[in-house]
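Peer 1: just need the structure, nothing else, for what follows:
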Amino acid sequence: MSKQDTFNNEALRELMVRHGLKQEHVAALAGCSVDTVKGWLVSPDSTRFRAVREPILISIRRAIELGEHYKLKDAKHTAPKKAPNK
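Peer 2: Predicted coordinates for the structure are as follows:
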């Protein structure tokens, strides 16, 4: 298994943590089943492991950039950080 196979999966995990996304949220954003998302999140040593393809990761990132994740139930809503006053 190449590093690229696991790189996108790790990037997906980081997006999920940063934006408070659950497996159900990712499935909705990616247009796939929760079982598929579970395959992306298991250990690379597991027979259930599935690599996240680059177009899927890009699609999820774009949906987040467009704020689509705010429409999902129970998704974490982070306020933008304010610049310090000088």
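Peer 1: ok, and what's touching stretch 26-34?
Peer 2: By Cβ atoms under 8 Å, 6 or more residues apart in numbering, the residues outside stretch 26-34 that reach it are 12, 16, 21, 23-24, 36-37, 40, 56, 59-60, 63-64, 68-69, 72. In this view, the C-beta of every residue, glycine as well, is placed from N, C-alpha and C.
Peer 1: what subset of those is buried?
Peer 2: Listed as buried from these are 12, 16, 21, 23, 36-37, 40, 56, 60, 63-64, 69, 72; burial here means 16 or more other Cβ atoms under 10 Å.
Peer 1: return the member of those nearest to Arg50.
Peer 2: Closest to Arg50 out of these is Trp40 (5.7 Å), distances taken as Cβ to Cβ.
Peer 1: what sits against that closest one?
Peer 2: Trp40 neighbours (Cβ under 8 Å, 6+ apart): Asn9, Leu12, Val26, Arg50, Ala51, Val52.
Peer 1: can you tell me which of those residues has the most neighbours?
Peer 2: Within these, most neighbours by other Cβ atoms under 10 Å means Val26, with 27 neighbours.
Peer 1: what lies in contact with stretch 61-76?
Peer 2: Contacts of stretch 61-76 (Cβ under 8 Å, 6+ apart): Leu15, His19, Gly20, Leu21, Lys22, Glu24, His25, Ala28, Leu29, His77.
Peer 1: filter those residues to the buried ones?
Peer 2: Using 16+ other Cβ under 10 Å as the burial test, the contacts of stretch 61-76 include Leu15, His19, Leu21, Lys22, His25, Ala28, Leu29 as buried.
Peer 1: which one of those is nearest Asp45?
Peer 2: Leu15 (22.3 Å).
Peer 1: surely that closest one meets Ile60?
Peer 2: Yes: at 6.6 Å, Leu15 counts as touching Ile60 under the criterion of Cβ atoms under 8 Å.
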